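**Q** generate a structure from the sequence data that follows.
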Amino acid sequence: MKRGQEWSEWQITYLKKHYSGERSEDIGAVIGKSKLSVQHKAHRLGLKKDKELFFAVRSKAKSGENSGNFKGYRRKTKKGYIFVFRPNHPAAGEDGLVAEHRLIFEKYIGSYLPKGFVVHHINGIKDDNRIENLALLTISAHSALHNRNDHKQKKGKDNPMYKEVDPQEIMRLRCRGLTVAQVCKQIGIGKTKYYREMRGA
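**A** Numbers count the residues shown, from 1 in each chain. Okay, the predicted model is just below:
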């Protein structure tokens, strides 16, 4: 059909009936409109996709040899967490995905997570979503726990606070006219470590 041609009543009726759960290109193929034309008309009519139904239709259409980046209803993120497609869940993102460990814990307690709480992986393995590896923590307690663990991991030579320095070297640099900040940067320590070392020199 030519661009800009009016929509007939049957085309609009078909669009309204099928838009929520079918792909725009499939609808366009039936009614003789382009994918873009279908999307524009649907927007003007205030039509929306049913996320769960559309997701199932799209995944089926792109399965097997037609599949692209779609990896199904369960996928792993770059950070190591498993997410599941649950578009009607209150915590679902725009893509309809919810953290699997959250869903498992909610099933265990029989309700959604209380406000201000998160689910923590006890052994630190982010895709180990066995219920015995999950614990409910407040957001603040969870943050404090991770900060404490991060601090422990940084102890030793990689942590500037525990780096061994020569106080005489610090004094030589200061005599050359370097500021405290410049000395700290050159040696790779923080100002707290600098003043601690100078007090003991």
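
**Q** what is the mean pLDDT for stretch 167-183?
**A** Averaging pLDDT along stretch 167-183 gives 84.

**Q** ends of it, how far apart?
**A** Using Cα to Cα, to the nearest Å, the end-to-end distance of stretch 167-183 comes to 11 Å.

**Q** which residues belonging to it are considered buried?
**A** For stretch 167-183, burial by neighbour count (16 or more other Cβ atoms under 10 Å) applies to Ile170, Leu173, Val183. To be clear about C-beta, it is placed using only N, CA and C from the backbone, and glycine gets the same treatment.

**Q** shouldn't the second one be in contact with Cys184?
**A** No - counting by Cβ atoms under 8 Å, no contact exists between Leu173 and Cys184, whose distance comes to 9.7 Å.

**Q** sorry, back to before: pick the one among the buried residues of stretch 167-183 closest to Val119.
**A** Using Cβ to Cβ, Val183 is the member of these that lies nearest Val119, at 44.9 Å.

**Q** let me see the contact set for the closest one.
**A** Ile170, Leu173, Arg174, Tyr194 (Cβ atoms under 8 Å, 6 or more residues apart in numbering).

**Q** for the second one, which non-adjacent residue is closest in space?
**A** Excluding the flanking residues, the one nearest Leu173 by Cβ to Cβ, 6 or more residues apart in numbering is Val183, at 4.7 Å.
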